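> I'll drop the sequence and a predicted model, then ask my questions.
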Amino acid sequence: FTERFPLKPKPQRVSSQHSPCGDFRPRTVWLGHPEKREQRYPKNVINNQKYNFFTFLPGVLFNQFKYFFNLYFLLLACSQFVEELRLGALYTYWVPLGLVLFITIAREAIEEIRCYLRDKEVNSQIYSKLSTRGEIPSSAGHKGRNQRVPADMIFLRTSERNGSCFLRTDQLDGETDWKLRLPVACTQRLPTAGDLLQIRSFVYAEEPNIDIHNFIGTFTREDGDPPVNESLSIENTLWASTVVASGTVVGVVIYTGKELRSVMNTSNPRHKVGLFDLEVNCLTKILFGALVVVSLVMVALQHFAGRWYLQIFRFLLLFSHIVPISLRVNLDMGKMVFSWMIKRDSKIPGTVVRASTIPEQLGRISYLLTDKTGTLTQNEMVFRRLHLGTVAYGMDSMDEVQSHIFSPTHDLPASRTPAATKVRKTISSRVHEAVKAIALVHNVTPVYESNGVTDQAEAEQHYEDTCRVYQASSPDEVSLVQWTESVGLTLVGRDQSSMQLRTPTGQIMNFTILQIFPFTYESKRMGIIVRDESAGEITFYMKGADMVMAGIVQYNDWLEEECGNMAREGLRVLVVAKKSLTEEQYQDFEARYVQAKLSVHDRSLKVATVIESLEMEMELLCLTGVEDQLQTDVRPTLEILRNAGIKVWMLTGDKLETATCTAKNAHLITRSQDIHIFRPVTTRGEAHLELNAFRRKHDCALVISGDSLEVCLKYYEYEFMELACQCPAVVCCRCTPTQKAQIVRLLQERTGKLTCAVGDGGNDVSMIQEADCGVGVEGKEGKQASLAADFSVTQFKHLGRLLMVHGRNSYKRAAALSQFVIHRSLCISTMQAVFSSVFYFASVPLYQGFLIIGYSTVYTMFPVFSLVLDKDVKSEVAMLYPELYKDLLKGRPLSFKTFLIWVLISIYQGSIIMYGALLLFESEFVHIVAISFTSLILTELLMVALTVQTWHWFMIVAELLSLACYIASLVFLHEFIDIYFITTVSFLWKVTAITLVSCLPLYILKYLRRRFSPPNYSKLTT
């Protein structure tokens, strides 16, 4: 197709009237007369980059050094330029800092380049612009169909024969179904597209806003006779980020750049910082406190002699390794490995990690909040029930409905049939009327595609069943139309103004569409007025939710009861009704309706008032019930989550009965559990009484509606959350997207536990972004949720493995890695403290130059980092015993207790190595360095081996490679180590003795602990 406007207009200065702070104004856009423009508009380019070429380096450095610890290391490195504070070669401080910065800058640069290339691809798309000289490509030729709309525009013309086109809006509102869009009637009737520039016309558009489901505007043609004035609504728009799925379109741009609906709806999600990172930061602050205390103690033992304040700074530099600079880099790289493992897992194919900074969060989830439709269920509707009040038809009796439709008796006059046939005829005609209403009241369009045998044009002409595909904005509607086809009444054609149904005999019934009132979330109903061409009758059909329709249809005694019964079976219920109109009634309505649609102020209210004048005393025809089937393995997955100690809450926009039934069906609520259905409350007093009634129940699931929830949170937030958190399961129905996010926020605030939100639609995005971990399911409702989520899965059942295996492993590995990096730094700092104490508290470094850099890089980096591959149990065992996950919820892998144990181990080993070297060295100081440093390297390698629970080939390679690197590098370290001394037997036995004393007791303690107090996982592996 061709959109006739440039994607990249000439750069224009944004006027002061159109400030970035959001002072948006309505506008009048003239067709083909840019000189009449009243204001300037933003450039229509997409820019998702955080930096540009000039701000990249300053921006990245600022973001790094705004954190205290990075700034601390920078100040340490800078202090070495001061002669009195220098402790050794400059590179001993600048190389580690430079390495950390290089990795960070490289990662940011890669992200920025990827972002730039994505933006460039979108901004370089080619579109055709219509001018007085004909079509001018904005940068090259046309593109084919399925092209994305690059700016918000009003739909003027289409090449489609039926005078409408379809849009795919999955990237805008999260819905995968196609939306019908209509061109402006006046411009669609013009002979050619070039005539658009010959007429004198303009579009008035409201000020830009975030509402993607509504639009108010008018189209005016001044040179018409009489002048034409048409109202414009959402049906006449083509929003940016949607895709034209059929035909070609011509439009006029009304919003660009930051005024686009899609841009205005893009909120910057909060930057999620994992609980684990906060805990590590807390431990690092404790280490910094220890650094300051040790430095002060050293100066105090010197009795604050001389320039003691300089000595404090020198000791702060000397013991700076207490705060490990490599901790942040090791953890970031570890998390990248965890994310890579998740993506590579063949048992959860299609899983995407979008937030590689928080994979370990998956190992500590206490509350899982899930959507229902499309997440627990497939969002694939199957028609199950037709209820006419006196008779109901289920799946096993659909052949009776079919026989009524095939039967010609409904056409016979009543007087010619005997009394016995009258009843049959009445039911038959009622069935026929109900099926015809279901076949008419919808927004479904049959689309014909070539099937290899029949081409598209021929299939459309002959209504070929094998080539027909139904498109609609809701899977419910498609399932209803497919059902009417299965019983004999087939929707075979539809355009902007007419609809064709085919009867079982092959006869085509033609209907003219006079008005359509589309479904909205506020009205919860949709209506259509059609004229039967054969009889000339005008009928208003309507279908909608039972709560809304109950006040519209004539009084009856069965609607409420049967709706409840069907909802308890897990069916989604729609009420179908009709009203016959005379020609005069319709003409009166149309005049008032057109007038209301042309108003610019309060249009929605005025239009709704006019439509409501028709919605009275309608004849109730039938109820329809469709079933949304559960996704595969939902029940075992929920069972695993429950056994893992995770409480599951279901937050859905569906009705109470359907939500309760789905919760039971999915075993979210077990059969043995009691259910407390929270009565509807509207006042503080009612809420108080109902909460007291709920408090008296124990171990029962809670089911509450969004309205009641709002009242409870308004008056008794603390009490309600306290009671709800004690429930084994909670179901919140009729929830708005804002309420979903509010519940997540309250759970985080009240419990302090980690939450995970799972959803598949655009209405789940706010909940997903609010949760500590957001998981998007790629489903029928599009990719909006999965794109906004931290993790994206293709099926709900993959959640079990994501949490039980990857979440658990990531958390345990991150905890082991961080504690080992701290241990590595504390060991060498303890040795420095002992060394300084022995030599009269002198601020002299024990190791200098490459020794200090090599210690935390080439000599120990790979073995320590290989801990990211460690695991305590196989993935099959972790899935089989989800109780193992429950142990992690207490945060034991990284706690003050484990931190203290590692600190004591570090102090013990550092002291043993240093005192051992001082006791055993003979003549020269350089021998102390050789003995202690070699013992330190061997101790670190042995400690990694002691910590590992399941050996991986990379761990063995890392250990051997690190040892080989150290031995090989001794040749070049003659400045620090006596080469001849390390080849003697004396050196070898001293190093062996010191290493054994530092490590052997820990090996013995580990054996005794596993022997007499084994951890849970060890019982499963033996």
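Happy to help now that I have it.
> host element of the nearest residue to V441 once chain neighbours are set aside?
Nearest non-adjacent residue to V441, counting by CB to CB, 6 or more residues apart in numbering: Y541, 4.0 Å away. All C-beta spots, glycine's among them, are computed from the backbone N, C-alpha and C. Per DSSP states H and E: Y541 is located in strand 538-544.
> whatever helix or strand comes next after that strand - contacts with which helices or strands?
Next along the chain after strand 538-544, taking DSSP H and E as the criterion, comes helix 546-549. With contacts taken as 3 or more CB pairs under 8 Å, 6 or more residues apart in numbering; DSSP states H and E, helix 546-549 sits against helix 559-568, strand 571-581.
> who touches helix 546-549?
For helix 546-549, the external contacting residues (CB atoms under 8 Å, 6 or more residues apart in numbering) are 523-525, 542-543, 559-560, 563, 573, 575, 577, 620, 623, 655.
> hmm, 7 Å instead?
Helix 546-549 is touched from outside by K524, R525, L559, C563, V573, V575, A577, with contacts defined as CB atoms under 7 Å, 6 or more residues apart in numbering.
> spatially central residue for the chain, please.
A789 (2.3 Å; CA atoms, centre = their mean).
> correct me, but E959 touches L941?
Yes - using CB atoms under 7 Å, E959 makes contact with L941 at a distance of 5.6 Å.
> got any residues that touch both of these two?
Common contact partners of E959 and L941 (CB under 7 Å, 6+ apart): P863.
> who has more neighbours, those two?
Between E959 and L941, counted using other CB atoms under 10 Å, L941 has the larger neighbour count: 22 against 19.
> helices and strands around the helix or strand that one falls within, which ones?
Using DSSP H and E, the element containing L941 is helix 925-947. Using 3 or more CB pairs under 7 Å, 6 or more residues apart in numbering; DSSP states H and E, the elements in contact with helix 925-947 are helix 808-838, helix 861-865, helix 896-920, helix 953-969, helix 985-1012.
> after the least confident helix or strand in the chain by mean pLDDT comes which helix or strand?
Within the chain, no helix or strand scores below strand 134-137, which has a mean of 56 by mean pLDDT, DSSP states H and E. Under the assignment DSSP H and E, the closest C-terminal helix or strand after strand 134-137 is strand 152-158.
> alpha carbons only: can I get that following strand in CSV?
The C-alpha trace of strand 152-158 is given here as CSV (Å, rounded to 0.1, in the frame of the first residue of the first chain):
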residue,chain,number,x,y,z
ASP,A,152,-1.3,9.5,13.3
MET,A,153,-3.6,10.3,10.4
ILE,A,154,-7.2,10.6,9.2
PHE,A,155,-8.2,7.9,6.7
LEU,A,156,-9.3,9.5,3.4
ARG,A,157,-9.3,6.8,0.7
THR,A,158,-8.8,3.1,0.2
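> packing partners for that strand?
helix 185-188, strand 237-238, strand 249-255.
> that strand: which residues count as buried?
Of the residues in strand 152-158, D152, M153, I154, F155, L156, R157, T158 count as buried by neighbour count, 16 or more other CB atoms under 10 Å.
> in its sheet, what does it sit against?
Next to strand 152-158 in the sheet, as set by DSSP bridges, lie strand 237-238 (antiparallel), strand 249-255 (antiparallel).
> check what contacts the helix or strand following the longest one and list those residues.
Taking DSSP H and E as the definition, the helix or strand that follows strand 249-255 towards the C-terminus is helix 261-264. Contact partners of helix 261-264, identified using CB under 7 Å, 6+ apart, comprise D152, L172, P208, I210, I212, W239, A240, S241.
> burial count for S534?
Using other CB under 10 Å, S534 has 10 neighbouring residues.
> helix, strand, or coil at it?
Recorded secondary structure, S534: coil (DSSP: H, G, I helix; E, B strand; the rest coil).
> tell me who's in contact with it.
M509.
> let the chain start at 337 from now.
In the new count, where the first residue is 337, that last one comes out as S870.
> which phi and psi does it have?
phi -70, psi -40 (degrees, to the nearest 10).
> and the strands in the stretch 537-686 of the chain?
For the stretch 537-686 of the chain, the strands defined by DSSP state E, counting those that start in this stretch occupy 537-541, 553-557, 564-568, 573-574, 579-580, 585-591.
> indicate which one of those strands is closest to C451.
Checking the strands of the stretch 537-686 of the chain against C451 by CB to CB gives strand 579-580 as the closest, at 21.7 Å.
> what's the neighbour count on M600?
Neighbours of M600 under the rule other CB under 10 Å: 18.
> ok, now how distant is it from K1133?
Using CB to CB, to the nearest Å, we find M600 at a distance of 36 Å from K1133.
> could you export stretch 1197-1215 as PDB, CA atoms only?
This file holds the C-alpha atoms of stretch 1197-1215, laid out as PDB (Å, rounded to 0.1, in the frame of the first residue of the first chain):
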ATOM      1  CA  MET A1197      39.100 -14.600  38.300                       C
ATOM      2  CA  PHE A1198      38.100 -17.700  36.200                       C
ATOM      3  CA  PRO A1199      37.800 -20.200  39.100                       C
ATOM      4  CA  VAL A1200      35.800 -17.800  41.200                       C
ATOM      5  CA  PHE A1201      33.600 -16.800  38.200                       C
ATOM      6  CA  SER A1202      33.000 -20.500  37.300                       C
ATOM      7  CA  LEU A1203      30.800 -20.700  40.400                       C
ATOM      8  CA  VAL A1204      28.000 -19.300  38.200                       C
ATOM      9  CA  LEU A1205      27.900 -22.800  36.700                       C
ATOM     10  CA  ASP A1206      27.500 -24.600  40.000                       C
ATOM     11  CA  LYS A1207      24.300 -26.400  41.000                       C
ATOM     12  CA  ASP A1208      23.300 -28.400  44.100                       C
ATOM     13  CA  VAL A1209      20.600 -30.600  42.400                       C
ATOM     14  CA  LYS A1210      19.700 -31.600  38.900                       C
ATOM     15  CA  SER A1211      16.900 -29.600  37.200                       C
ATOM     16  CA  GLU A1212      14.600 -32.700  37.200                       C
ATOM     17  CA  VAL A1213      15.000 -32.900  41.000                       C
ATOM     18  CA  ALA A1214      14.200 -29.200  41.500                       C
ATOM     19  CA  MET A1215      11.000 -29.600  39.500                       C
END
